[in-house]
Every structure is written in C-alpha cells, then in structure tokens.
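Engineer: Next come a sequence and a model predicted from it.
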Amino acid sequence: MLHLTQKQLKPFEGLSDRLIEEINRVGVIREYAKGSPAMDSDDTLRHFYIILEGRVKVYQYNPDTNREQTLYLLGPHDMFDVLTVLDGRRHEVMTQALDDVKVLELPIDKVREWLDTNPAFNRVFLPYLAKQMRQVEELATDLSLYDTATRLMKLILKNLNFKDPTKHHLGLLHNLPHEEIASMIGTVRHVVNRHLQQLKREGILNIERKKLAVNDVKRLLEKVEDEQHNR
C-alpha cells in the first residue's frame, strides 16, 4: 500500500481522507527513464496516471515527413489520459519521458467510479479537462494564425513562473532542448534557435547553456501584442 499525502497529490486538495486512503490502496508507482517511451495507448485503456515527478511529452508523429507535433507537455500534478477516461477509446498519441519520471497509476474503472460518485474529485477533474481542451484549441489557432516567432513568444509567456518576480524561469520549458521547443510550436530547431538569438540580442531573453530566462517581461508582452494587432 502506498502512503501518498494530499500534498503529493496536488491539485487534489480537498479530497476526503477516505478517498486518499483508497487512492493509496489501489494505486501503483511507475517509473520511466529519461528518453524512454512512457504510458502508451494500451496502458491508458486500463489505467489513469497522475504525474508525480518529471516531464512527459505527449505528441503525434508522421513517419513520412519525420516531423512531430507536441500536443501536451505534462509535469508534476498533470493527468493522463483524460479523454480515454471519458470515452473509453484508444487515444492514438505517443509519449516520451523528458526527465526521469515517476507517475501514480490508477485503475481506470476506479477513476470512472470516482467521477460518478465523488464531487470533490469532479471539481478537480473537470476544470483540468477544460484546460487541456483549451490548450489544443490554442495550439490549432496559433499554428493557423501566427508566424513561428509569435508562437515562440506566446509559448514563453505561457510557461513563465510569476511566483518569484526576480527569477523569470520558464516552468516546464526550463532546460528543454531547442528541438523539443520546436516540436511544441510546429517548426524545426534552427528556426527556434534563430528566434531565440534575436530575443537575446534585444535584451528580452538570457540564454546560457540552453537555459532560458526572461529579462524583460514587459517588452515580451508588447512584442506579442504588436504581432497580434498587426496580423
């Protein structure tokens, strides 16, 4: 039996002690090494996952063009796969552990039972589902309407951590290879490199050994607003 606490199970704060106990009873910890495939489509027909540590890329791949498009970048407290929980259908996506990853694996039937019977679980699950749907909508909109420079700036702003205003590190983008960033905005690594270097020359970004930090959030916001206004 596991011994996970509510703090470890964020954002599931507010769950009853009884449900936390049941999660610990039925849950299993799974680990995936950096660079390896993580949870696959067969896994998610039987299980539901909460990320505890590390980052997981969820993406689609076209072998004919050797191109991939990242749909989600999951980090601690994210869930996978909410769609399969709801419709029971195979979700044809691929996953990769970008760090050493630890997840909580739960039986999918139990999760569906909690959705039917536990309002506190619903209060977390349904907003998270909406968040993922909005994310895919925003991705489709950005790919259709904005150039790669604007898509990159919007991605940076989306991942800014404003909790410490003196350190504008980039959340899940922190220390991410440029080819992974490229996959998130539908382009290739050398294009991302070019745009990042331009932002560095303008004093907006600081780049050291692929680690990114924002020096001038106000200027970055202004550039994005200008691009959106002029499109």
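Structural biologist: Noted; the coordinates are in hand.
Engineer: can we go C-alpha only for contacts and neighbour counts from here?
Structural biologist: Fine.
Engineer: helix or strand for the nearest residue to L71 once chain neighbours are set aside, which one?
Structural biologist: Once flanking residues are discounted, L71 sits nearest to Y59: 5.2 Å by CA to CA, 6 or more residues apart in numbering. Assignment of secondary structure by DSSP states H and E places Y59 within strand 56-62.
Engineer: So for the residue nearest to L71, what's the pLDDT?
Structural biologist: If you check Y59, the pLDDT there is 95.
Engineer: and stretch 65-84, average pLDDT?
Structural biologist: pLDDT averaged over stretch 65-84 gives 93.
Engineer: Now do the strand or helix carrying A130: which elements does it pack against?
Structural biologist: Under the criterion of DSSP H and E, A130 resides in helix 119-145. On a contact count with 3 or more CA pairs under 8 Å, 6 or more residues apart in numbering; DSSP states H and E, helix 119-145 meets strand 67-74, helix 108-117.
Engineer: Report the buried residues of that helix.
Structural biologist: 120-121, 124-125, 128-129, 132, 139, 142 (16 or more other CA atoms under 10 Å).
Engineer: Sort out which one of the residues you listed lies nearest L73 for me.
Structural biologist: Q132 (10.5 Å; CA to CA).
Engineer: Roughly how far does that closest one sit from D81?
Structural biologist: 10 Å (CA to CA, to the nearest Å).
Engineer: do the same with R55
Structural biologist: From R55 across to D81, the span is 15 Å (CA to CA).
Engineer: same question, L152
Structural biologist: Counting by CA to CA - L152 and D81 are separated by 26 Å.
Engineer: And for V192?
Structural biologist: 29 Å.
Engineer: about what we covered before: which single one of the buried residues of helix 119-145 is nearest to V26?
Structural biologist: Distance to V26, by CA to CA, is smallest for F121 among the buried residues of helix 119-145, at 15.8 Å.
Engineer: I'd say that closest one and E113 touch.
Structural biologist: No: counting by CA atoms under 8 Å, F121 stays clear of E113, with 10.2 Å between them.
Engineer: all strands for the protein, in order.
Structural biologist: Taking DSSP state E to define them, one finds strands in the chain at 28-32, 47-53, 56-62, 67-74, 79-80, 94-97, 101-107, 205-208, 211-214.
Engineer: on that earlier part again, extract the C-alpha trace of the strand holding Y59 and format it as PDB.
Structural biologist: Taking C-alpha atoms only, strand 56-62 is exported to PDB below (Å, rounded to 0.1, in the frame of the first residue of the first chain):
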ATOM      1  CA  VAL A  56       6.300  13.800 -20.200                       C
ATOM      2  CA  LYS A  57       5.900  14.800 -23.800                       C
ATOM      3  CA  VAL A  58       2.600  13.800 -25.500                       C
ATOM      4  CA  TYR A  59       2.900  14.000 -29.300                       C
ATOM      5  CA  GLN A  60       2.000  12.800 -32.700                       C
ATOM      6  CA  TYR A  61       4.500  11.700 -35.300                       C
ATOM      7  CA  ASN A  62       4.400  11.500 -39.100                       C
END
